[in-house]
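**Q** please find the sequence and the predicted model below.
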Amino acid sequence: MHVKQLHPWPSTVAEAESIQDRLRGHVELTGPTAFTLVAGLDVHYHGDDELTAAVVVLDAGTLAPVEQVVAYGKAAFPYVPGLFAFRELPALVTALELLTVTPGLLVCDGYGLAHPRGFGLACHLGVLTGLPSLGVGKTPFVGTHEPPEQERGAWTPILHEGATVGRALRTQPGVKPVYVSQGHRISLDTATSQVLHLAAHYRLPEPIRHADHLARHPS
DNA sequence: GCGACAG
DNA sequence: ATCTTGTCGC
């Protein structure tokens, strides 16, 4: 599939932040409510700056893998909370360009709108590809929230600077919630229902689990 | 002001 | 993210 060009690439924190501030205006918060193919994306690090990016496309109905690709690269930016996307984007984009099918939704490992400048990895990947995207975080990042009730499907809003930027969602009963936020071309309701559907058996959505496994154990 | 801070 | 085994509980 085709992905928009990345350049110019930032070399300073200020440049990276200004790229986020500029691209933030391209994010759309409404879009499709159902998908045929969903992709999970993840990166595995080894050594100081080497990484493996993996994308696995699943049939949204059966959750069966349809295609999987890996790309090797190096972290493209130092780790700075809030600028995390700049580490992994080049390798993830390389992997996406290897796909022969185009997914209808990108399920990203990290945050989207729930980000200090409202433009996390999921938003960035959505804008670059033009595809609907959402982010799933494993730990709270920005904002405040009440713990959701213990049953599967329970959620509470994540509030940041007076706005709802995501949801803490209980995908499995009695298990720590995941943190869902919009990336691009998706509503918060749709993002929530998709994550709940994709995480029918485990805490994390199936596409992310597949991508995580592939990144750790490339074939 | 200080510390904490997605992966 | 990564360095790391067994163990408890559903």
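**A** Received it, and whenever you're ready, just let me know what you need. Numbers count the residues shown, from 1 in each chain, chains lettered A, B, ... in the order given.
**Q** where along chain A do the strands fall?
**A** Read by DSSP state E, chain A holds these strands, from start to end of the chain: A:37-46, A:50-59, A:65-74, A:105-109, A:133-137, A:155-160, A:163-169, A:178-184.
**Q** nearest to A:Thr94, of those strands?
**A** For A:Thr94, the closest of the strands of chain A is strand A:65-74, at 4.0 Å, according to Cβ to Cβ. Quick note: C-beta positions are derived from backbone N, CA and C, even for glycine.
**Q** mind exporting that closest one as CSV, just the C-alpha atoms?
**A** What follows is the C-alpha trace of strand A:65-74 in CSV, where atoms were taken according to Å, rounded to 0.1, in the frame of the first residue of the first chain:
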residue,chain,number,x,y,z
PRO,A,65,-4.3,-13.6,9.8
VAL,A,66,-4.5,-12.6,6.1
GLU,A,67,-1.0,-11.2,5.6
GLN,A,68,2.1,-10.4,7.7
VAL,A,69,5.2,-8.3,7.0
VAL,A,70,8.3,-7.2,8.9
ALA,A,71,10.8,-4.4,8.3
TYR,A,72,14.1,-3.9,10.0
GLY,A,73,15.5,-0.5,10.9
LYS,A,74,16.9,1.7,13.6
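**Q** now do that strand: which elements does it pack against?
**A** Counting contacts by 3 or more Cβ pairs under 8 Å, 6 or more residues apart in numbering; DSSP states H and E, the secondary-structure elements packed against strand A:65-74 are strand A:50-59, helix A:85-98, helix A:206-216.
**Q** relative to A:Gly137, which of those is closest?
**A** The closest approach between A:Gly137 and any of the helices and strands packed on strand A:65-74, judged by Cβ to Cβ, belongs to helix A:206-216 at 10.7 Å.
**Q** wait, does the closest one make contact with DNA strand B?
**A** No - Helix A:206-216 is not in contact with DNA strand B by Cβ under 7 Å from any atom of the strand; minimum separation 8.2 Å.
**Q** nice, that's everything, thank you.
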